[in-house]
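Novice: Structure for the following, please:
(4 chains)
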2 protein chains.
Amino acid sequence: MLAIGTLSRKTGTKVQTIRYYEQIGLMNEAGRTSGGQRRYYEKDLDRLAFIRHSRQLGFSLDSIRELLDLSDNPAQSCAEADSIARRQLRQVEQRIKRLQALKKELKRMVAECDGESVAECKVLEVLRDHSECLTNHDEIGA
Amino acid sequence: MLAIGTLSRKTGTKVQTIRYYEQIGLMNEAGRTSGGQRRYYEKDLDRLAFIRHSRQLGFSLDSIRELLDLSDNPAQSCAEADSIARRQLRQVEQRIKRLQALKKELKRMVAECDGESVAECKVLEVLRDHSECLTNHDEIGA
DNA sequence: CCTTTATCTAAAGTCACTGTAGCTTATCAA
DNA sequence: TTGATAAGCTACAGTGACTTTAGATAAAGG
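Specialist: Below is the predicted model of the structure:
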């Protein structure tokens, strides 16, 4: 029987985060000691590791919920899991594209700045006037 | 005198977002009509455009606050604005790096999946076992 | 005057946690 | 057995940057 702190250490997850996962139903409700402390089995550790690894790969908690459901029913086809992963891949690729456009623009901004007074600062000028931009960067958020 | 909806249309910002910016002190408190509706000048439109363009480039509202302060005092040196932009550039570059590592891992995951049953699904297998990963992807968050 | 559109406030919801306050329980040495 | 310390508990607020909702009021055009 593992205490919550052990799971925390073994998976690099904050204790509060584990409790949070239980609260939103991503982790099962843990058994308790007579004093009310949570105790876990190895399978809970595995599940938490799965969650954390998926988070590290950028999956949303909703996607992870789907993946866990699939993982719990090994008879099904793998297509669903595959499509979730592909969707995630597409999202990552889009974000990279967008960030690369931002990077280009920011580079140009700081390259053109020659440390003069704010009055003729290129950085501020570019921010003031979108029409000076070379790239499109329409959507907000990474 | 411009209504809030006009600012909204001209800058592609939701009306609520403009009110939110006022609430957190990023936009000045607008003048009001006798009936209590906000009315704006051209300079408010410029300020909002500056904010939105900065957001599109990924600057945080805190950074934007600094940039606006600088912009309001044109006598200062431009060094501060430059350093904020450089910091932003570094952040963007880091995010790109991290996302590229994720992309590699996700690509490998979906490439190895051959559509068999969940039981031998490569995607789920990789998520289950971190040690199968080729790349390090330790930190969560983009 | 009436209808439609725009605007108002206040508060709650989003995502995925993180932090805090004020307790109680478990563990180990003395 | 005692007492210190570490670990755990609940409940709630806070983060960033908004978005959504509900219910009411104002402005504009015909």
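
Novice: Are the longest helix belonging to chain A and DNA strand D in contact anywhere?
Specialist: Residue-count comparison of every helix in chain A, with assignments taken from DSSP state H, identifies helix A:79-112 as the longest. No: using CB under 7 Å from any atom of the strand, helix A:79-112 stays clear of DNA strand D, with a minimum separation of 14.2 Å. (Glycine included, C-beta is placed from N, CA and C.)

Novice: does that helix come close to DNA strand C?
Specialist: No: contact check for helix A:79-112 against DNA strand C, using CB under 7 Å from any atom of the strand: none in range, with a minimum separation of 11.1 Å.

Novice: just checking, what packs against that helix?
Specialist: Secondary structure elements in contact with helix A:79-112, counted by 3 or more CB pairs under 8 Å, 6 or more residues apart in numbering or on different chains; DSSP states H and E, are helix A:61-72, helix A:122-128, helix B:79-112, helix B:122-128.

Novice: Report the buried residues of that helix.
Specialist: Of the residues in helix A:79-112, those scored as buried under the neighbour-count criterion (16 or more other CB atoms under 10 Å in any protein chain shown) are A:80-82, A:84-86, A:88-89, A:91-93, A:95-96, A:98-99, A:101-103, A:105-106, A:108-110.

Novice: Next one: residue A:73 from residue A:112, what distance?
Specialist: Residue A:73 sits at a distance of 57 Å from residue A:112 (criterion: CB to CB, to the nearest Å).

Novice: so residue A:58 makes contact with residue A:94?
Specialist: No: with contact defined as CB atoms under 8 Å, residue A:58 does not reach residue A:94; the gap is 11.8 Å.

Novice: By proximity to DNA strand D, which residue of chain A wins?
Specialist: Taking CB to the nearest atom of the strand as the measure, chain A has residue A:5 as its residue closest to DNA strand D, at 2.3 Å.

Novice: just checking, that residue touches residue A:15?
Specialist: Yes: the pair formed by residue A:5 and residue A:15 meets the contact definition of CB under 8 Å, at 6.3 Å.

Novice: Name the residues of chain A found near DNA strand D, please.
Specialist: Within chain A, the positions lying close to DNA strand D (CB under 7 Å from any atom of the strand) are A:3-6, A:8, A:15-16, A:19, A:30, A:32, A:36-38, A:140.

Novice: which one is the most centrally placed residue in chain A nearest to, not counting chain neighbours?
Specialist: Most central in chain A under CA atoms, centre = their mean is residue A:58, positioned 3.7 Å from the mean C-alpha point. Here the nearest residue to residue A:58 in space, its sequence neighbours aside, is residue B:102; by CB to CB, 6 or more residues apart in numbering or on different chains that works out to 5.5 Å.
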